[in-house]
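1. Provided below for reference: sequence and predicted model.
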Amino acid sequence: MRLIDPAALGTRFAVPAGTAAEVLAALEAHGLGVARARVAARLGNPDPFALRAALAEAPGAEVRAHAGEPMDPDRLEAALVAAGPDPGLAGLFAFHRPGPRVRAVPTDGGVHPWLRWRAEPPPPYVPGPAQRWTTAELGDESIATVRCFCAVRGGLALGSDYGLTLWQRGSFRPFPWPRGARREARRVEAMAATGRLLSIATQQALVTWDFEGEPKVRKHAPDQEEGWDEAAAMHASGDRLLIGWRTHLEGGQGPADVIAFAADPEGVVYAGTRAGELHVVDGGGPVRQFVVGKGRPVRHLAFALGRLWVAAGGELHCFDGASWAREPGEPGALGVDERGRLWAVRDGRVALREGEGWRDVATPVARPWALGFAGGSVWVGGVGEVARLRG
């Protein structure tokens, strides 16, 4: 009878004795099937257990027990992502549990067929009435650029390079900045809402507000270069808040200098860095490196239409769960509306993804910069103005 020795296959985790089928079941039960590990495998960084392939190929073989590190799911996930690419092994883990908007679909060919993400097509966009305001009408500076949005209860927060405005119950009102806050302390870089708390990263501080009392302000900490840290991106999932600082990632395990986040329907969070790397948060090292070089970051991420979309290196890349594709032209913004439709700012115009192409959507904003989604509407921020598109 065939004998499988885990030590000879290089695994560093504890493995029980038994038949290959029994051991394989034990590995699955101890965390090898978690969503982040599967995603990491599909991205090209598979399970480090060569043992896994051996067990699958010879289920009746006897397995020698191996003393090693305990099978802690969190540590397993980190090892899965940190491992080097091996398409043969990666195929064993290429599975994405079906959900309300995602199905796993086998592809053709290969010993271990990949499974792709596929989403139900979103409803078509039928243009409705559009509204436009100048930033002065919002109560902001007339020359302000609306740079980011954040959906909040009953409305939307609109952040600019001069301040923050709230749209609630059909009207705008200014954010209650602490008295004496200078322009640098009011330049909004990123926002996220967790429960009833709005978190705002400005050029100088992290501000939190419960929509009732006074905002709380925490100045940025010093860095290691006689300067101050910076926060460029935020992502909220329930009560969990991720903040991409220039020096570190707050709220999870991941790289420094994250400037873009996105999450799939399973809750797996992706992070893009200023250095052009794509990471799975809480997953270990980078899973893909895009263009290397100064000024070539992963600027925007989005998950829509069953694909992960990455704006980097002057192109738009997408990953469908099995393979990467790319098209020329790097969007200036990416976003997903409440109905699952993918939007972008392309060549100074607002566009909607339809099939394998883009359709320009009429908008009264002359120089669009950012996209936001709330209340069934698409919001477009620009230089000195903002628009609301319904439909």
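-> Yes, it's here. This one's a predicted model, so the numbers in the text were calculated from it and none came from an experiment.
2. could you find the closest non-adjacent residue to K216?
-> Here the nearest residue to K216 in space, its sequence neighbours aside, is T208; by CB to CB, 6 or more residues apart in numbering that works out to 4.9 Å. Where C-beta positions appear, they are placed from N, C-alpha and C, glycine not excepted.
3. surely that neighbour meets L198?
-> Yes. Counting by CB atoms under 8 Å, T208 touches L198, with 7.0 Å between them.
4. those two: who's more crowded?
-> When T208 and L198 are compared on other CB atoms under 10 Å, the one with more neighbours turns out to be L198, at 23 against 14.
5. any low-confidence regions in the stretch 101-250 of the chain?
-> Applying pLDDT under 70 to the stretch 101-250 of the chain picks out residues 101-119, 184, 226.
6. let's see 80
-> Of all residues in the stretch 101-250 of the chain, those with pLDDT under 80 make up the ranges 101-120, 179-185, 223-226, 238.
7. do the same with the stretch 251-391 of the chain
-> Judged by pLDDT under 80, the stretches of the stretch 251-391 of the chain that qualify are 265-267, 283-287, 291-295, 320-323.
8. beta partners of the closest residue to A231 other than its chain neighbours?
-> Ranked by CB to CB, 6+ apart and with sequence neighbours excluded, the top spatial neighbour of A231 is A201, at 3.7 Å. Going by DSSP bridges, A201 is paired in beta bridges with A190, L206.
9. and A201, what is it in contact with?
-> With contact taken as CB atoms under 8 Å, 6 or more residues apart in numbering, A201 is in contact with V188, E189, A190, M191, V207, A231, A232, M234, I243.
10. go on, G159?
-> Remark: with contacts taken as CB under 8 Å, 6+ apart, G159 is in contact with V146, R147, C148, F149, C150, V188, E189, A190, M191, I200.
11. work out for me the element the nearest residue to D337 once chain neighbours are set aside sits within.
-> Taking CB to CB, 6+ apart as the measure, D337 lies nearest to F373, with 4.5 Å between them; neighbours along the chain are not counted. Counting by DSSP states H and E, the element that carries F373 is strand 368-374.
12. tell me the strands beside that strand, with direction?
-> Taking DSSP bridges as the criterion, strand 368-374 sits next to strand 377-382 (antiparallel) in its sheet.
13. count of neighbours near the nearest residue to A136 once chain neighbours are set aside?
-> Here the nearest residue to A136 in space, its sequence neighbours aside, is S142; by CB to CB, 6+ apart that works out to 4.1 Å. Counted by other CB under 10 Å, the residues lying close to S142 total 12.
14. before we move on, the earlier item: residues contacting the residue nearest to K216?
-> With contacts defined as CB under 8 Å, 6+ apart, T208 is in contact with L197, L198, S199, I200, P215, K216, R218.
15. redo that, cut-off 6 Å
-> Contacts were defined as CB atoms under 6 Å, 6 or more residues apart in numbering; by that measure T208 touches L197, S199, K216.
16. so the second one sits against A192, correct?
-> Yes. In terms of CB atoms under 6 Å, S199 counts as a neighbour of A192; the distance is 5.3 Å.
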